[in-house]
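Colleague: Turn this into a model:
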Amino acid sequence: MAELCLTTRQMVERVLEYAFATAYDDATGDQKTEALALLNAGLRRFIRGGYTDEQDGGAVHRWSFLEPVASLTTAAGDGDYDLPDDFGGLVEDPVYDYSGTGIGPDLARVSPETIRRAWRDDNTTAQPRLYAVEPKSFSQSTGQQWQLLLAPAADGAYGISYRYSVVIDALTDATDRYPPGGALQCDVIVQAAKAAAELTSGDVAGQQEELYQQMFLEAVARDATTMDEAEVEQLTDEDVGM
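Modeller: Here you go, the predicted structure:
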């Protein structure tokens, strides 16, 4: 299905029009680089979700589209499983999927050391009851990756689902790249970039910042109706105004 969202290229075009009053084809390489940097600055601010609430003070919105559900299937004898490349932490405990034999037991979170001791002390396989998350060895070519540890090692195939927090990559100037959140959020991200450009050029927050704040709060209200898990959390004063 076609998406109404702007591509990264189209978003850069809009930032160029505001920040440099030039079209994409007429812009210099340095101007395109700066526009993309402003776009990513706006994206980071938007993703962090920080805003000022009139009633509660500083708050941060947890975007529903950055907390997807993924699944894996265990294999007999295996106790460790790769997590997605964009994994940034579990939002809640993993759960067993329903099967013909019913719902499996709750999985309890323990330390990776506890899992490894369990493997050492008893190498028999069964339906896992414990889990842990640990980083894999860092590689500059792939970035930081993570794995899920289960104990005891599975004695067969079990479906497990888990909700996790996504780590967002920077946008690149490619025509087929879309920002997180899709069509509902791309205009807000562009406006965040314009607010960043406004601050850079004049060192004073003005009309573009005011418009961003308005669009951001509308996006928060819209997203909060999407899923019950979309929440706000209290921040310290230092966290507000990112």
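Colleague: right, and residue 39 touches residue 15 too?
Modeller: Yes. Here residue 39 lies in contact with residue 15, judged by Cβ atoms under 8 Å, at a distance of 5.5 Å. C-beta here means a position set from N, CA and C on the backbone, and glycine is covered the same way.
Colleague: higher neighbour count, the two?
Modeller: Between residue 39 and residue 15, residue 39 has the larger neighbour count (other Cβ atoms under 10 Å), namely 27 against 24.
Colleague: tell me the mean pLDDT over stretch 173-187?
Modeller: Averaged across stretch 173-187, pLDDT comes to 81.
Colleague: what sits up against that stretch?
Modeller: When contacts are defined by Cβ atoms under 8 Å, 6 or more residues apart in numbering, stretch 173-187 is touched by residues 3-9, 11-12, 32, 36, 43, 46-47, 63, 65-66, 166, 168, 171, 188-189, 215, 219, 222-223.
Colleague: What about those residues, which are in helices?
Modeller: Residues of those located in helices (DSSP state H): 8-9, 11-12, 32, 36, 43, 46-47, 188-189, 215, 219, 222-223.
Colleague: Quick one, which of these are buried?
Modeller: Buried subset of the ones in helices among the contacts of stretch 173-187 (neighbour count, 16 or more other Cβ atoms under 10 Å): 8-9, 11-12, 32, 36, 43, 46-47, 188-189, 215, 219, 223.
Colleague: Redo those as CSV? Include distance to residue 150.
Modeller: Output for these, formatted as CSV (distance: Cβ to Cβ, whole Å):
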residue, distance to residue 150
8, 38
9, 43
11, 41
12, 44
32, 47
36, 41
43, 35
46, 35
47, 31
188, 39
189, 38
215, 43
219, 37
223, 33
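Colleague: now for those, which pair is the farthest apart?
Modeller: 32 and 223 (30.4 Å; Cβ to Cβ).
Colleague: quick one, what contacts the residue nearest the centre of the chain?
Modeller: For the chain, residue 166 is the residue whose C-alpha lies nearest the centre (Cα atoms, centre = their mean; 2.9 Å). By Cβ under 8 Å, 6+ apart, the contact list for residue 166 reads 66-68, 86-88, 180.
Colleague: and these, which of them are in strands?
Modeller: Of those, the ones assigned to strands by DSSP state E are 87-88.
Colleague: and which of the contacts of residue 166 is nearest residue 77?
Modeller: Checking those against residue 77 by Cβ to Cβ gives residue 87 as the nearest, at 23.6 Å.
Colleague: which residues touch the closest one?
Modeller: For residue 87, the contact set (Cβ under 8 Å, 6+ apart) comprises 145-146, 164-167.
Colleague: Is it bridged to anything, and to what?
Modeller: residue 166 (DSSP bridges).
Colleague: any idea of the pLDDT on it?
Modeller: Predicted confidence (pLDDT) at residue 87: the value is 96.
Colleague: where does it sit relative to residue 136, distance-wise?
Modeller: 10 Å (Cβ to Cβ, to the nearest Å).
Colleague: Overlap in contacts, these two.
Modeller: With contacts defined as Cβ under 8 Å, 6+ apart, the residues shared by residue 87 and residue 136 are 145-146.
Colleague: burial count for residue 179?
Modeller: Residue 179: 23 surrounding residues under other Cβ under 10 Å.
Colleague: typed the wrong thing, it's residue 21
Modeller: 8.
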